[in-house]
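[1] heads up, no residue letters with this:
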């Protein structure tokens, strides 16, 4: 009797959740199909999986608070409209897609400098903090209490001690090691204003109301409204103590000057105000940074609280605009169908497309899922390169030697739909040339993966990869 009741209960619940999946707005057909199959094929587990991970649930209060802050900051920005830039025609659709997704317009007068990939990159961050005179804003997904993290924490404490306003915002999950360490308390004792984004309390209970895996994955530094730093690098040494067997972690970090720093400031302020309730909108009414170079730039900030568009849309538009070359570096490749099609389509129409990935991924699940896409990419003519010495964690797309996107977002659905991310669009031959040379150095340290080698993989490996690729919409 109880068995029959359990079976019928599962049938009814499965039907109810399946209808919920089919009725949800703005959901790709592939995602609907994947969830329906999981719910129906895996008794109990499928329903629990959907309950915890199937929908982007945020509390109504949190969503409204972020919307109010976003509207307020946008209104303050609009009081001082940015000059219209004269972008090349091929870039106009890309800039429009970026604006639709992130809300920022392209601005001219910027300069970029690519920092070294080793630990010396953080020397410039420490020096910039030591030279600050008004404020230092630091936001990192992961800030480790290792040699590099402690150095930056010390610089923040020194700045606060001499009267500079230092605000530090870290993700509660990614930076839990720092928050639990004595260095967090030492920064606070020195006068640093320290807060966490996305605090987690009773996760199994909290997950029923709001997803606990909506993380702030951004990397933002703004100093004195004049200097910014961003990219894929967290505040940690390349040895990356939490996953040392994959070291060194190879990242990209840019120093930014010019009017686009004000857009970086706007993103930081939105996150800070959402986490603390402190109204810092007046900072956006100050005079914007002076022109520092010839580059056109645009911040693309996205998150689960608003769905005007996604970074996947921006990247696909960028790749569709390519005329002769596309080079992509990413640690995780689990794209949506449109982005994967854009990459393969570029190669098929004769664009030289190079995709650089780590030879050994720190996530077995994501690494295997990525492999499920490799055969289609190789058949289309995409050059696959597997980076060997360490884990390639940089997130770079360059197009035709004159257009680039760099930032915190991976080419996966977590970055496109669940995380708070910030990428930087750059139109400038010199800056993009630096990024192309850096990616060429990755290729020099990588080995090619050709179609023949993929076809020789064991049947078990191909079956595993293709099954996981079917589940890619859920990852």
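    Alright, I've got the coordinates. This structure is a prediction, so every number in the text was calculated from the model and none was measured.

[2] residue contacts, the residue nearest to residue 122 when sequence neighbours are not counted?
    Distance criterion C-beta to C-beta, 6 or more residues apart in numbering; nearest residue to residue 122, sequence neighbours excluded, is residue 148 at 5.0 Å. Backbone N, C-alpha and C define where each C-beta goes, glycine included. For residue 148, the contacting residues are 119, 122, 235-237, by C-beta atoms under 8 Å, 6 or more residues apart in numbering.

[3] any weak-confidence spans in the stretch 351-475 of the chain?
    Applying pLDDT under 70 to the stretch 351-475 of the chain flags residues 470-475.

[4] pick out the most distant pair among the contacts of residue 148.
    119 and 235 (11.5 Å; C-beta to C-beta).

[5] tally of neighbours for residue 12?
    By the criterion of other C-beta atoms under 10 Å, residue 12 has 10 neighbours.

[6] how much space between the residue nearest to residue 122 and residue 88?
    Distance, residue 148 to residue 88, by C-beta to C-beta, to the nearest Å: 38 Å.

[7] between the contacts of residue 148, which is closest to residue 329?
    Residue 329 lies nearest to residue 236 out of the contacts of residue 148, by C-beta to C-beta, at 18.8 Å.

[8] so what pLDDT did that closest one get?
    You'll see residue 236 listed with a pLDDT of 96.

[9] now the one 5 residues further on
    At residue 241, the pLDDT value in this model is 84.

[10] just say helix, strand or coil for it.
    Using DSSP: H, G, I helix; E, B strand; the rest coil, the three-state assignment for residue 241 comes out as coil.

[11] got a list of what it touches?
    Applying C-beta under 8 Å, 6+ apart to residue 241 gives the contacts 144, 146.

[12] where does it fall, phi/psi-wise?
    Dihedral pair for residue 241: phi -60, psi -30, per degrees, to the nearest 10.

[13] next, find the distance separating it from residue 181.
    Counting by C-beta to C-beta, the gap from residue 241 to residue 181 is 12 Å.

[14] number of nearby residues for residue 135?
    17.

[15] now it. Nearest residue, chain neighbours left out?
    Closest to residue 135 by C-beta to C-beta, 6+ apart is residue 165, at 4.4 Å.

[16] run through the residues that contact that neighbour.
    By C-beta under 8 Å, 6+ apart, residue 165 lies in contact with 134-136, 193.

[17] what about it, distance to residue 346?
    Taken as C-beta to C-beta, the span from residue 165 to residue 346 is 46 Å.

[18] how about the helices of the stretch 351-475 of the chain, start to end?
    For the stretch 351-475 of the chain, helices defined by DSSP state H, counting those that start in this stretch occupy the ranges 364-380, 413, 429-444, 451-455, 459-470.

[19] closest to residue 106 out of those helices?
    Comparison of the helices of the stretch 351-475 of the chain against residue 106 by C-beta to C-beta identifies helix 429-444 as nearest, at 14.0 Å.

[20] could you list the buried residues of that closest one?
    431-432, 434-436, 438-439, 442-443 (16 or more other C-beta atoms under 10 Å).

[21] which residues sit against that helix?
    Residues from elsewhere that reach helix 429-444, judged by C-beta under 8 Å, 6+ apart: 111-114, 117, 250, 252, 294-295, 327, 329, 354, 356, 385, 387, 392, 394, 396, 398, 401-404, 406, 426.

[22] on that earlier part again, which among the contacts of residue 165 count as buried?
    135-136, 193.

[23] and residue 301, its phi and psi?
    Residue 301 has phi and psi values of phi -110, psi 130 when expressed as degrees, to the nearest 10.

[24] what's across from it in the sheet?
    With DSSP bridges applied, residue 301 shows beta-bridge pairing to residue 422.

[25] need the contact list for it.
    Each residue near residue 301 by C-beta under 8 Å, 6+ apart is listed here: 102-104, 218, 267, 270, 420-423.

[26] which one (most neighbours) among those residues?
    Sorting those by how many neighbours each has (other C-beta under 10 Å) puts residue 423 first, at 29 neighbours.

[27] please name the nearest non-neighbouring residue to residue 222.
    Setting aside the residues directly before and after it, residue 222 is nearest to residue 137 in space (C-beta to C-beta, 6+ apart), at 4.3 Å.

[28] what mean pLDDT does the helix or strand containing that neighbour have?
    Assigned by DSSP states H and E, residue 137 belongs to strand 135-140. For strand 135-140, mean pLDDT rounds to 98.

[29] that strand packs against which elements?
    helix 147-161, strand 165-171, strand 219-223, helix 260-276 (3 or more C-beta pairs under 8 Å, 6 or more residues apart in numbering; DSSP states H and E).

[30] what's the closest of these to residue 378?
    Closest of the helices and strands packed on strand 135-140 to residue 378 is strand 219-223, at 31.7 Å (criterion: C-beta to C-beta).

[31] what's the angle from the helix or strand following the closest one to helix 260-276?
    The C-terminal neighbour of strand 219-223 among helices and strands, as given by DSSP H and E, is strand 227-231. Strand 227-231 and helix 260-276 are oriented at 70 degrees to each other (axes from the mean of the first three to the mean of the last three C-alpha atoms, to 10 degrees).

[32] in its sheet, what does the next helix or strand after strand 227-231 sit against?
    Downstream of strand 227-231, the next assigned helix or strand under DSSP H and E is strand 249-250. Strand 249-250 has the following sheet partners, assigned by DSSP bridges: strand 391-392 (parallel).

[33] related to what we said a few turns ago, in its sheet, which strands sit next to the strand holding residue 137, and in what direction?
    Strand 135-140 has its sheet partners listed here by DSSP bridges as strand 165-171 (parallel), strand 219-223 (antiparallel).

[34] now those in TSV, with distance to residue 12 and mean pLDDT?
    Below are these laid out as TSV (distance: least, C-beta to C-beta, whole Å; pLDDT from 0 to 100):
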stretch	distance to residue 12	mean pLDDT
strand 165-171	39	98
strand 219-223	46	98
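
[35] and the contacts of stretch 114-125?
    By C-beta under 8 Å, 6+ apart, stretch 114-125 touches 147-148, 151-152, 155, 221, 229, 231, 233, 235, 237-238, 248, 250-255, 394, 431, 434-435, 438.

[36] measure the residue nearest the centre of the chain to residue 430 for me?
    For the chain, residue 409 is the residue whose C-alpha lies nearest the centre (C-alpha atoms, centre = their mean; 2.2 Å). As for residue 409, its distance to residue 430 is 24 Å (criterion: C-beta to C-beta).
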